[in-house]
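Trainee: All I have is the shape, not the residue letters:
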């Protein structure tokens, strides 16, 4: 099984994001799962909302807007396909299941991918990110490919209401989903949330057993 891990917003030449990547790698090693960690794009991050605020426009981010997706998504997902093919070549076989995990900005993008049915994968997990925005609900209502989605958040994260709204939206859509909030956690991805996500998405605790095809990243 392969997990594609999408990082949060990362300042160039900084190392703070390594904690989440190490957590994903640790969970992969513990569960015998391969982890692919692609990198987003620069130049598509959020602009400063005021003169005193810092701009993240040139930081490493994922294309969450329609304009950024039109400009970057096809090439970016093709890179994922290429990297996955190389991992499968080294392993000597195809991955039976492919999951997409996203943290923070990566979780918002993973949610967009899921609601649009953009990838032929077997499930998604959104940690400390993702929302129940109206445009996502409209997309989700029209999507036929409904693979399971796990939502995890921390009660001390100022943005956790977005994830609560996402969980509620998934229930309204009758989308196969599960959520786990950690009241004492902040803007983080905890080990037990990762374990719960894996258990749910691979079917050990009621997650859907039928995969989304386990095929490449270009399916719509």
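Mentor: On my side now, so go ahead. Computed from a predicted model, the values in this text were never measured in an experiment. Numbers count the residues shown, from 1 in each chain.

Trainee: same for the helix or strand of the chain with the lowest mean pLDDT, what does it pack against?
Mentor: Scoring the helices and strands of the chain by mean pLDDT, DSSP states H and E places helix 18-31 at the bottom, with a mean of 79. Judged by 3 or more C-beta pairs under 8 Å, 6 or more residues apart in numbering; DSSP states H and E, the packing partners of helix 18-31 are strand 2-6, strand 34-36, helix 191-201. (Glycine included, C-beta is placed from N, CA and C.)

Trainee: So which of these is the most surrounded?
Mentor: Among the helices and strands packed on helix 18-31, ranked by average contacts under mean count of other C-beta atoms under 10 Å, first place goes to strand 2-6 (a mean of 26).

Trainee: just checking, what packs against that strand?
Mentor: Where contact means 3+ C-beta pairs under 8 Å, 6+ apart, strand 2-6 is packed against helix 18-31, strand 34-36, helix 66-91, strand 98-103, helix 105-116.

Trainee: and residue 72, which of the helices and strands packed on helix 18-31 is closest to it?
Mentor: Closest approach to residue 72 among the helices and strands packed on helix 18-31 (C-beta to C-beta): strand 2-6, 13.5 Å.

Trainee: how far off helix 191-201 does that closest one point, in degrees?
Mentor: On the basis of axes from the mean of the first three to the mean of the last three C-alpha atoms, to 10 degrees, strand 2-6 is oriented at 130 degrees to helix 191-201.

Trainee: what does strand 2-6 contact?
Mentor: 20-21, 24, 28, 33-38, 40, 62, 80, 84, 87, 95, 97-103, 105-107, 109-110, 121 (C-beta atoms under 8 Å, 6 or more residues apart in numbering).

Trainee: Sheet-wise, list the partners of it with their directions.
Mentor: strand 34-36 (parallel), strand 98-103 (parallel) (DSSP bridges).

Trainee: Hey, what's the angle from the longest one to helix 66-91? Just curious.
Mentor: Taking the same axes, to 10 degrees, strand 98-103 and helix 66-91 form an angle of 130 degrees between their directions.

Trainee: Contacts for strand 98-103, please.
Mentor: So strand 98-103 is contacted by 1-8, 20, 24, 62, 84, 108-111, 113-114, 119, 121-130, 189, 194, 197-198, 201, 214 (C-beta under 8 Å, 6+ apart).

Trainee: Narrow the residues you listed to those that are buried.
Mentor: Neighbour counting with 16 or more other C-beta atoms under 10 Å marks 1-8, 20, 24, 62, 84, 108-111, 113-114, 119, 121-130, 189, 194, 197-198, 201, 214 as buried within the contacts of strand 98-103.

Trainee: Quick one: distance of the least confident helix or strand of the chain to the chain centre.
Mentor: Using C-alpha atoms, centre = their mean, to the nearest Å, the mean C-alpha position of helix 18-31 is found 15 Å from that of the whole chain.

Trainee: Throw the strands paired with strand 2-6 into TSV and include mean pLDDT and distance to residue 12, thanks.
Mentor: Shown next, in TSV, are these (pLDDT from 0 to 100; distance: least, C-beta to C-beta, whole Å):
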stretch	mean pLDDT	distance to residue 12
strand 34-36	94	21
strand 98-103	96	18
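
Trainee: Export the ones you listed as TSV, with columns for distance to residue 144.
Mentor: Below are the strands paired with strand 2-6 laid out as TSV (distance: least, C-beta to C-beta, whole Å):
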stretch	distance to residue 144
strand 34-36	26
strand 98-103	18
